[in-house]
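Colleague: Mind looking at a prediction? Sequence and model below.
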Amino acid sequence: MVPTSEGASEPRPRKPSIFMRNHGLSGVGLKAGTTPQKGGTMKAFLIGLLFLFVLGFLMCAGIILFPFLMLLVFFLRILVVLALGIFSIWLLGKIVILFFEELRGKTGKREQKEAEMTEKEIGVISHYFGKVSVGIIALNDTLKAGETIHIKGMHDDFMQKVESMQIEHADVKEAKKGDAVGIKVAHPVHEHDKVYKIAA
């Protein structure tokens with residue numbers, strides 16, 4: 001309190017608070033009936049308005065872009081499915097190629113093995129006894145028991161191992177050029193069928 005000339009005391013003016021200083025309000029000379037400055041209120045209003053504008057813009061952009069995002073996701077799914085399909089087809093083709101290469105390799109080995117087996121003509125069938133399945137071979141080369149022969153004609157084409165041979169009803173182990181040797185055949189034969197000896 002400040003004493004006056006009439007002896008009455010007058011209240012001291014208050015110092016402005018931090019809130020008042022930050023908002024441009026000076027406590028000095030602020031009396032009843034006066035209004036504070038409006039700069040802080042306008043600033044808050046503009047910030048709020050800007051925030052609402054940005055929020056509305058983002059919402060509108062989301063509404064507009066949502067169908068495009070869904071379309072993008074749909075196309076991405078299609079691309080993934082196509083990629084998986086192409087990979088599956090490639091993998092299946094690779095497996096098929098490897099299978100046929102392996103099969104061809106085995107066939108090639110078999111053909112190579114067969115090619116290594118050479119044939120040499122050693123005679124012709126001169127007679128065939130059907131009841132006992134015995135063929136008579138007129139030899140122009142040697143033939144031994146245990147060797148493999150190939151009999152080939154217009155109606156016959158087979159290979160077999162010579163289990164036993166006979167010349168004039170006598171068992172022999174070997175026959176030479178000029179002999180007429182009888183062997184038991186696995187299939188019927190005909191006269192003039194050619195006989196080949198297979199040598200590995």
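Modeller: Yep, that arrived.

Colleague: Tell me where the protein is predicted with low confidence.
Modeller: 1-39, 107-117, 200 (pLDDT under 70).

Colleague: got the residue ranges for the strands in it?
Modeller: Assigned by DSSP state E, the strands in the chain fall at 2-3, 9-10, 118-129, 134-139, 143-144, 148-152, 157-161, 165-167, 170-172, 174-175, 180-184, 194-199.

Colleague: Surely residue 137 and residue 143 touch.
Modeller: Yes - with contact defined as CB atoms under 8 Å, residue 137 reaches residue 143; the gap is 7.4 Å. (Each C-beta comes from the backbone N, C-alpha and C, glycine too.)

Colleague: Neighbour count: these two, which is higher?
Modeller: residue 137 (26 against 22; other CB atoms under 10 Å).

Colleague: residue contacts, the more buried one?
Modeller: Contacts for residue 137 (CB atoms under 8 Å, 6 or more residues apart in numbering) come out as 122, 123, 124, 125, 126, 143, 180, 181, 182, 183, 195.

Colleague: repeat for residue 55
Modeller: Residue 55 touches nothing, counting by CB under 8 Å, 6+ apart.

Colleague: and the gap between residue 70 and residue 58?
Modeller: 18 Å (CB to CB, to the nearest Å).

Colleague: what number of residues lie near the nearest residue in space to residue 125 that is not next to it in sequence?
Modeller: Excluding the flanking residues, the one nearest residue 125 by CB to CB, 6 or more residues apart in numbering is residue 193, at 4.2 Å. Using other CB under 10 Å, residue 193 has 22 neighbouring residues.

Colleague: thought residue 193 was touching residue 124?
Modeller: Yes - proximity of residue 193 to residue 124 meets the contact threshold set by CB under 8 Å, at 6.6 Å.

Colleague: re earlier: can the strands of the chain go into CSV with extra columns for distance to residue 63?
Modeller: Below are the strands of the chain laid out as CSV (distance: least, CB to CB, whole Å):
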stretch, distance to residue 63
strand 2-3, 66
strand 9-10, 65
strand 118-129, 87
strand 134-139, 97
strand 143-144, 99
strand 148-152, 88
strand 157-161, 84
strand 165-167, 101
strand 170-172, 106
strand 174-175, 103
strand 180-184, 97
strand 194-199, 88
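
Colleague: who wins for proximity to residue 74 among these?
Modeller: Relative to residue 74, the nearest member of those by CB to CB is strand 157-161, separated by 66.0 Å.
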